[in-house]
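Chemist: After the sequence you'll find the predicted model.
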Amino acid sequence: MKPPVAPRRRVKGMTNWWFADQRSNGILTVGSATENVTVAVRVLVVFSLPILLVLGPDTVRRHLALAVAIVFLACLYGFVTAVRRSWDLRRSRSAAVLSMVDAVLASAAVAAMGGAESPAVAVLFLVLVGAAIRLPITATAMVTTFVITALVLIAVFVDPGLVDGETRLLTGVWWTLYLALAATLAASLSLLAEREERARTRALVELEAEHAVAEEERDLRARLLESYQTQQDGLRAILHEFRTPVVSLDALAKVALAPSDRIEEAERINSLHLIMEHAGHLTEMLNALSDVAASRIPGFGDAGDRLVDMRSAVEAAANAARLPAERLRLRIDDDAVAVRIDGQRLRRVITNLLENAERHGAGKPVDVEVSRDGDCMVIAVCDRGPGMAQSHLADITAKDVSLGDRKGTAGLGLWIVVQILQAVGGSLRFANREGGGLVARCEVPLG
């Protein structure tokens, strides 16, 4: 038999889910770094205007009172936006509003500080670059149109008596051309950066999805291989458990079929009785294996649920395990006297645990304690055998294990118990008993 091969599967919708999750986390937008840069540039620009007003050429002070008022308003605006940096979040409505306010204040500063001849015209380039970085192309075009229109009006109508009309018109045309080119270049670079960011994010998403698929496939393969190994170990345990009674049946059948002149009648009858016992033992093991097979059927855990009298169930299991009544000491909590559970599989579990305790209990009494722990029933089977080294307790139900003086402890019986309990979400743990012996603690979910 070849080990099963894990099928390849894709995780449907994982890419879209992960992509949306990263968008919500801000990975697809230029986050706090861009906001900080935009705020810092705005603050430097607005606080550079007073310096320009003091140290710049005389032309910037032609309308000093108006210039001072606009500079004061710009500084106040820069302080507020520095405090509320979230307003500059890329592609947000507030960012569009701030971009327009930037354009209005910058145009007003240019008009009040020398018109189209003012060094403050350079601020308009920064306004358009900032808009291109933060806004979609349509909004950027609107801000650009406003700035260009404002600059043309400033060039034509501000201080008309100081500069001739041809020079003012030529200046307005050149600044308009350069502003349009600057806005186009900034928008193109912004779109390119955004496209690269999206491509990088998609690559990360696909890499994460492939990694998740690989992890799932590796886990699935490990589970399939573990299942395959469990099946192989179970087959080995079954072969081991069946070989001895089958060999005995073969020998006893030969004795029973021997000629009457070579065997006493009493011996023949005794052989037939032994054959019946071995046949009964094999029937019990086949029934147990049938329970294991049934436990692997989806939904089996609810099929046989009924109200079970735990005292009767434990006593019946002790009888099936050939544990004398005088050696059984049973204690049942009041809330566990009658429980709703699969009685057939429960009896199989208790029978196998009692067989194990009877076999290794050195002929001493076996204590069985039944209690409830929330939605689980707890059955503790305690013997007074030799116990086991602490380091070996975790391996007691492992494959093909026979440890110390407890030969056969991990035989077919405990394997069957583990298989049935795993199918219903139960558990089986062993611990050394105070005063000597071993405690098998079994937890079974209630129906």
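Modeler: All right, it came through fine. Nothing here was measured: the structure is a model prediction, and the numbers come from that model.

Chemist: what pairs with the helix or strand hosting Leu428, and is each one parallel or antiparallel?
Modeler: If you go by DSSP states H and E, Leu428 is part of strand 427-432. Using DSSP bridges, strand 427-432 pairs in its sheet with strand 438-445 (antiparallel).

Chemist: which residues touch the partner strand?
Modeler: Residues from elsewhere that reach strand 438-445 (C-beta atoms under 8 Å, 6 or more residues apart in numbering): 301, 341, 346, 349, 353, 356-357, 360, 373, 375-383, 385, 387-388, 406, 417, 421, 424-433. Glycine gets a C-beta too; all of them are placed from N, C-alpha and C.

Chemist: Now do the buried residues in the strand holding Leu428.
Modeler: Leu428, Phe430 (16 or more other C-beta atoms under 10 Å).

Chemist: average pLDDT for whatever helix or strand Val381 lives in?
Modeler: Using DSSP H and E, Val381 sits in strand 376-382. Averaged across strand 376-382, the pLDDT comes to 90.

Chemist: helices or strands up against it?
Modeler: Under the contact criterion of 3 or more C-beta pairs under 8 Å, 6 or more residues apart in numbering; DSSP states H and E, strand 376-382 touches helix 343-360, strand 366-373, strand 438-445.

Chemist: what about 6 Å?
Modeler: Contacting strand 376-382 under the criterion 3 or more C-beta pairs under 6 Å, 6 or more residues apart in numbering; DSSP states H and E are the following elements: strand 366-373, strand 438-445.

Chemist: Glu216: which of those strands is closest?
Modeler: Comparing the helices and strands packed on strand 376-382 against Glu216 with C-beta to C-beta, the closest turns out to be strand 438-445 (27.1 Å).

Chemist: That closest one to helix 343-360, inter-axis angle?
Modeler: 170 degrees (axes from the mean of the first three to the mean of the last three C-alpha atoms, to 10 degrees).

Chemist: buried ones in strand 438-445?
Modeler: Across strand 438-445, burial judged by 16+ other C-beta under 10 Å covers Leu438, Val439, Ala440, Arg441, Cys442, Glu443, Val444.

Chemist: okay if I get those as a markdown table plus pLDDT and distance to Asp367?
Modeler: What follows is the buried residues of strand 438-445, written out as a markdown table (pLDDT from 0 to 100; distance: C-beta to C-beta, whole Å):
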| residue | pLDDT | distance to Asp367 |
| --- | --- | --- |
| Leu438 | 88 | 11 |
| Val439 | 90 | 9 |
| Ala440 | 89 | 11 |
| Arg441 | 90 | 12 |
| Cys442 | 90 | 14 |
| Glu443 | 90 | 17 |
| Val444 | 87 | 18 |
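
Chemist: Domain-wise, how is the protein divided?
Modeler: Here the domain assignment for the chain is 14-210, 233-295, 303-445, based on automatic domain parsing.

Chemist: So for the second one, mean pLDDT?
Modeler: In this model, domain 233-295 has a mean pLDDT of 74.

Chemist: chain center to that domain: distance?
Modeler: Relative to its parent chain, domain 233-295 has a centroid offset of 51 Å by C-alpha atoms, centre = their mean, to the nearest Å.

Chemist: sorry, back to before: ok, and what's touching the strand holding Leu428?
Modeler: Strand 427-432 has contacts (C-beta atoms under 6 Å, 6 or more residues apart in numbering) with Gly387, Leu393, Ile396, Val417, Val418, Leu421, Val439, Ala440, Arg441, Cys442, Glu443.

Chemist: just stretch 44-52 next, same as before
Modeler: Residues contacting stretch 44-52 (C-beta under 6 Å, 6+ apart): Val71, Ala74, Cys75, Gly78, Ala109, Val123.
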